[in-house]
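*Asks:* Sequence first, then the predicted structure, then my questions.
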Amino acid sequence: MSSVLLAPLCALLYLAASGRQLWSISQGDQRIGASALTLGLTAMALHAYLAWNIVVSEQGISLGFFKISAVIFLFINVACVASLARRPLQNLLVVLFPLAALSVLISSFAPETGGTQPSMSAGLLLHVGSSILAYAVLTLAAAQSAVLWLQDSQLRQHNTGGIVRILPPLQLMESMLFELLWVGVSLLTVAIVSGFVFV
């Protein structure tokens, strides 16, 4: 099926998952609902299929800015959903899913902005892959730090309602931030070393 049809469908699934999770939050349920998770995972599977077809073609691998944005947001969502097994990051999906929907639409319909690599060596693939993963995890850490700052400022003003009520405890939020930073910096180190060796 053409990306002209699949991209809007993927975006709609992302928006539906985000809306479903937002509705659960408004009802006081802090967990990710089964329907929101199912919609999100379906959208991510479609996103992966689209990202592969957008970046990899018969001519080679295209790493243009708009096209690679679909891959970056896919990795961000995969990292966030994978973290749900250990950490309560589900409320970040309310923001991440709409951004992923936008990236899918832009990467599918925006003009080509970069050249095409006919082939890629294993070393270069390691460099590019670790760079994208590092970017994804550090973007999650940046989003986490913004939420942490907001939570801290609300607590300093003795405001325990609103966003503070739906977030995990401040200490847990801090530990999640440091975990994301450690993983992101480790991946960035791999990207820098592999770039030095292979590029």
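*Replies:* The structure has been received and is ready for your questions. None of these values were measured; they are calculated from a predicted model.
*Asks:* Could you look up the next helix or strand downstream of the helix or strand where Leu74 lies?
*Replies:* When elements are assigned from DSSP states H and E, Leu74 belongs to helix 65-83. Sequence order places helix 93-109 as the next helix or strand after helix 65-83, per DSSP H and E.
*Asks:* What sits closest to Ser83 if chain neighbours are left out?
*Replies:* Leaving aside its chain neighbours, Ser83 sits nearest to Leu89 (5.1 Å; criterion: Cβ to Cβ, 6 or more residues apart in numbering). Yep, even glycine has a C-beta here, placed from its N, CA and C like the rest.
*Asks:* ok, the one you found touching Met176?
*Replies:* Yes. Counting by Cβ atoms under 8 Å, Leu89 touches Met176, with 7.0 Å between them.
*Asks:* Mind listing the shared neighbours of the two?
*Replies:* Ser83, Gln144 (Cβ atoms under 8 Å, 6 or more residues apart in numbering).
*Asks:* Can you tell me what sits against stretch 35-47?
*Replies:* Against stretch 35-47 from outside (Cβ under 8 Å, 6+ apart): 6, 9-10, 13-14, 16-18, 20-21, 24, 70, 73-74, 77-78, 81, 93, 97, 100-101, 104.
*Asks:* Val185: how many residues sit nearby?
*Replies:* 14 (other Cβ atoms under 10 Å).
*Asks:* Going by secondary structure, it is in what exactly?
*Replies:* Residue-wise, Val185 maps onto helix 170-198 under DSSP H and E.
*Asks:* With Val4 instead?
*Replies:* Short version, using DSSP H and E: Val4 is in helix 3-26.
*Asks:* Can you get me a residue count around the closest residue to Leu170 other than its chain neighbours?
*Replies:* Excluding the flanking residues, the one nearest Leu170 by Cβ to Cβ, 6+ apart is Gln151, at 6.1 Å. For Gln151, the count of nearby residues is 18 (other Cβ under 10 Å).
*Asks:* and if you look at Leu39?
*Replies:* Leu39: 22 surrounding residues under other Cβ under 10 Å.
*Asks:* ditto for Gln171
*Replies:* Gln171: 8 surrounding residues under other Cβ under 10 Å.
*Asks:* got a pLDDT number for it?
*Replies:* With respect to pLDDT, Gln171 scores 82.
*Asks:* heads up, I number from 30, so please use that
*Replies:* Understood, numbering begins at 30; the last thing we discussed is Gln200.
*Asks:* buried residues in stretch 203-219?
*Replies:* In terms of neighbour count (16 or more other Cβ atoms under 10 Å), stretch 203-219 has its buried residues at Met205, Leu206, Glu208, Leu209, Leu210, Val212, Gly213, Leu216, Leu217, Val219.
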